[in-house]
Each structure stands twice: as C-alpha cells, then as structure tokens.
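Colleague: structure of the sequence below:
(chains A and B)
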Amino acid sequence: MKVRKNIAISENGFIFNPLTGDSFSVNETGVFILQKLKEEESEATILQNLMDEYELDAHTAEKDLNDFLSMLQNYQLTTNE
Amino acid sequence: MNKRKITVAATGLNNIDSPGPGIPVIRGLKESETLDIRIVGLSYETLEPGIYMHDLVDKVYQLPLPTAGSAVLKERLRYIAGQEKIDVLIPNFDAELHNFIKIQDDLKNELNIATFLPSQAIFDERQKSELGKFGEKYGVKVPESHMINQVTEIRKLEESLHYPMVIKGRYYDAYIALTYEQASNYFYKIIAKWGYPVIVQEFVTGTEVNVTAIGDGKGTCIGAVAMRKLYITDKGKAWSGISLEDDELLDISKRVIENSKWRGGCELEFIKTKDDEYYLLEMNPRFPAWVYLANGCGQNHPEALVKMALGEEVKPFTNYQSGKMFIRYSYDLIVDISEFQQISTMGER
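Modeller: Residues are numbered from 1 along each chain as shown, chains lettered A, B, ... in the order given. As a prediction, the model looks like this:
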C-alpha cells in the first residue's frame, strides 16, 4: 500500500488530497504511519515500528494499523499499486 | 513597466448571494500585469452592488433588459460608445448572450467594440436541451436527458430513468424529484417561471466538480482550472471552494473546449462518480462567478480573454496551483441616496 502521489502531509497532521479537495487531520500516530507509508515501508515493518515506538502488543498494534489503513483507503488517500 | 491603458465594459454587476460573474471578472482585469484597465460597468437593475463599487467600476451605464431585443441593445451601446471609447465588452449573463452574439459583428464594425464570443451555432450546441447530442459529438459522458412538454410524459420516462430524477428548466433551476408527485410539482413550477420545454434528466450520484475554462475559438484551450465546492448556499451556489489537481477532469474539459472550438470563457459542471467516471451536467457559456479563483491559482482568464479580443496571441496556461481556496463574504456598502437617484433617473453614474 502506498500513499497516492501529490497527497500533502504536514508535520502537524493536516492532510490535503488535491485530487478530491478533501482535507483531514490525523494525530501523531497517524502522521507516524503516513510517513512510513510515504517512505514505502512494508506493512510488516510499519507494524513493528509501531510496536517499538508506542510499546504496543502485536494484537493491538495490528488492529489499530489495519483500521487506520482501511480508513486511508476509504478516503482515497492510498493505492495498492 | 508601463501598462497599456484600455477600457473594458462588463455586465454581471449583481454581486449578491447568487452572484453574477461581473465583479470577479473585473477583479481579474484590475490585477492585469500588462494592462491598465478602466472599467465601464453595464447594469440592468439599480441595486446591483457593482454599480456602487468605485474602486472596481469607474463608470456605470444601465442597459435595457435582454427581452427588449438586440436592436434596442445596439442603440443603447451606440449612445455609450459616444460617451466612452470602449475597447472590449464582456457580457457575463446567460440570458443576454444571445443578443450580444447577434450584434457582435456590428459592435466591431460600427462601434469598434471587440467581444470574444462563440458563434450562435456553437452557443446553441451546448444548450441544456441539446446536451445528449453534445456529449455524443464531443466524446464526453452526459446523463440521459429528455425534453418534455406535458406532465404525463414523466410517467413514460419512469421506466428508463427511475427516481430520483432531475427536473430542470431550459435555462435555470433544477430540482431533484423522488416521486411522481414531486416531479409533476416541479414541472409546473418550472414552466411558470421559465416556460417550455422542461428537461427530465437521469440523477447521477457522485461529487460535483467544476471547471472554469477559456478557448481561443480555433481549437485551443487557453486555460482550465478545476474546483470543488466546499460550502453551498441554499440556492446551490458555491460560497467556498478549492482548486483541484485532477488530470483526467482537465483532459476531458480541454477536449470539449478544443473539439467544439469554443471561443471565450465558460464553465463546465461535472459529476464525478464513485467509479471515477465524469458526467458533464452543463456547459455554461460564460465565466462562472468563481472565476477569480483561477486568477488566485495563477491563470488570469479574464485578462487572457481581453487580450484575445484585442487580436493578440495568448499562449495557453500550462499549470496552476491546487489547494487554493476561495471564501465569499458579504459586505455592506454605504451609499448616499443621491448616487442611487443618479443611476435611477439618468441611467448612468
């Protein structure tokens, strides 16, 4: 999964999709995941990074990551290419 | 840099909650980097706010209503041309364009006033009632549309269109009908206001996206900027919007402008479906009221139009900034009654 091209993500978590005109706000964890996606990290790596950064157990981290990724897809912010 | 001085006349000074494009067009012109433009406002009503905007409109003349016809309009413009040297005239209302198109050659030959309008044939092609043929000819998807003159025809259309369906006037107004009762009510409402025929259109679900564009009349799209409305008034007008970066939408829009050899400004209204398909709902034959956003994004369409009207070659704009927003506001002008009296009694100020 990749972040669509031209999606703008600011450091404070403001996201703008110039294709649709939609804008969103995400929290610090959201920015963390989005930055990793932009760096084209695999989902497995992002999951591990998430567990390390926020001291999460595998189950919680996986559930939260999947929820967030499906939300990104739903809002057309990511692509599976 | 010395700016060249010219005078441009513009209509559409009704900068109200459902605004005409005149004031946004004028703002674009006033911000020209190469032209120093004096503005002659042309109004129809005495309370059009633009009449009283002295920082934008230098002089104002009233025009006869479009229903008076092109001969009366020409006579009025002959008088105005006797008072002012007008280089270019930009009409901004749908309802007046027919008259201006009819007299555009006379204006140039007799009064030396340049316009930049499409021919009557191309203007007629994109009428709402002709949208189906227009879509087919220029390769753009359009919703299924039917023109009807009797309310009972709605029943026959129920088989192919289903509810909700859109009931539209020939020039203005559109309502979404969920039932036959609603559709027939809207039918009568529209004929009372706009006359026959009434257009019954397939309801396409999706996001409305619009494009303001300008063509040179020779098959080149000089500029196009895409926008999505962010806040819509109860009259369906954009109170806020944002410029988009949507290559496919711009490609479709350019194709329409280029293939139809559109001459002048226009607005293309689309619905983008969930499957990323674009349906053209309307092509308005003049700049939209949000055209100043194009200027804010780096494409000054009104200035380009004036230059082309003056016979200059204008290079097509190649890009613009997405993520630029416009936010309308209302503002109370304080005007002395003497000024209102002047425009009401003398027809000019």
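Colleague: so after the longest strand anywhere in chain B, what's the next helix or strand?
Modeller: With secondary structure taken from DSSP state E, chain B has its longest strand at strand B:221-232. Following strand B:221-232 in sequence order, the next helix or strand is strand B:238-244 (DSSP states H and E).
Colleague: what comes into contact with stretch B:268-278?
Modeller: Residues outside stretch B:268-278 that contact it (Cβ atoms under 8 Å, 6 or more residues apart in numbering or on different chains): B:140-141, B:143, B:204-211, B:213, B:248-249, B:252-253, B:256, B:279-284. C-beta coordinates here come from the backbone N, C-alpha and C atoms, glycine included.
Colleague: redo that, cut-off 6 Å
Modeller: If you take Cβ atoms under 6 Å, 6 or more residues apart in numbering or on different chains as the criterion, stretch B:268-278 is touched by B:204, B:206-211, B:252-253, B:279-283.
Colleague: tell me which parts of chain A are close to chain B?
Modeller: Counting by Cβ under 6 Å from any Cβ of the partner chain, chain A comes close to chain B at A:6, A:16, A:18-19, A:21.
Colleague: and which of these is nearest to B:Ile337?
Modeller: B:Ile337 lies nearest to A:Gly21 out of the residues of chain A next to chain B, by Cβ to Cβ, at 44.0 Å.
Colleague: what about B:Thr152, how many residues nearby?
Modeller: Applying other Cβ atoms under 10 Å in any protein chain shown, we find 9 residues neighbouring B:Thr152.
Colleague: got the contact list for B:Ile90?
Modeller: Neighbouring residues of B:Ile90 by Cβ under 6 Å, 6+ apart: B:10, B:25.
Colleague: which phi and psi does it have?
Modeller: Backbone torsions of B:Ile90, given as degrees, to the nearest 10, read phi -120, psi 100.
Colleague: equivalent analysis for B:Met283, please.
Modeller: Per degrees, to the nearest 10, the backbone of B:Met283 is at phi -120, psi 110.
Colleague: from chain A, how far out is it?
Modeller: In this view, B:Met283 and chain A are 21 Å apart by Cβ to the nearest Cβ, to the nearest Å.
Colleague: could you report the pLDDT at the nearest residue to that residue once chain neighbours are set aside?
Modeller: Spatially, and ignoring its direct neighbours in sequence, B:Met283 is nearest to B:Arg126 (4.1 Å; Cβ to Cβ, 6 or more residues apart in numbering or on different chains). For B:Arg126, the pLDDT comes out at 91.
Colleague: regarding the residue lying closest to B:Ala224 once chain neighbours are set aside, what is its secondary structure?
Modeller: With Cβ to Cβ, 6+ apart as the criterion, B:Ala224 has its nearest non-adjacent residue at 4.1 Å, and that residue is B:Ala213. At B:Ala213, secondary structure determined by DSSP: H, G, I helix; E, B strand; the rest coil is strand.
Colleague: wait, B:Ala213 touches B:Ile222, no?
Modeller: No - contact criterion Cβ atoms under 6 Å: B:Ala213 and B:Ile222 do not qualify, at 8.1 Å.
Colleague: between the two, which is the more surrounded one?
Modeller: The neighbour count for B:Ala213 versus B:Ile222, taken as other Cβ under 10 Å, is higher for B:Ala213 (29 against 21).
Colleague: all strands of chain A, in order?
Modeller: A:2-3, A:8-9, A:14-17, A:22-25, A:78-79.
Colleague: need those strands in CSV (columns: mean neighbour count).
Modeller: Converted to CSV, those look like this (neighbours: other Cβ atoms under 10 Å in any protein chain shown):
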stretch, mean neighbour count
strand A:2-3, 16
strand A:8-9, 16
strand A:14-17, 18
strand A:22-25, 14
strand A:78-79, 16
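Colleague: rewinding a little: starting at the chain centroid, how far to the longest strand of chain B?
Modeller: Averaging C-alpha positions (Cα atoms, centre = their mean, to the nearest Å) puts strand B:221-232 13 Å from its chain's average.
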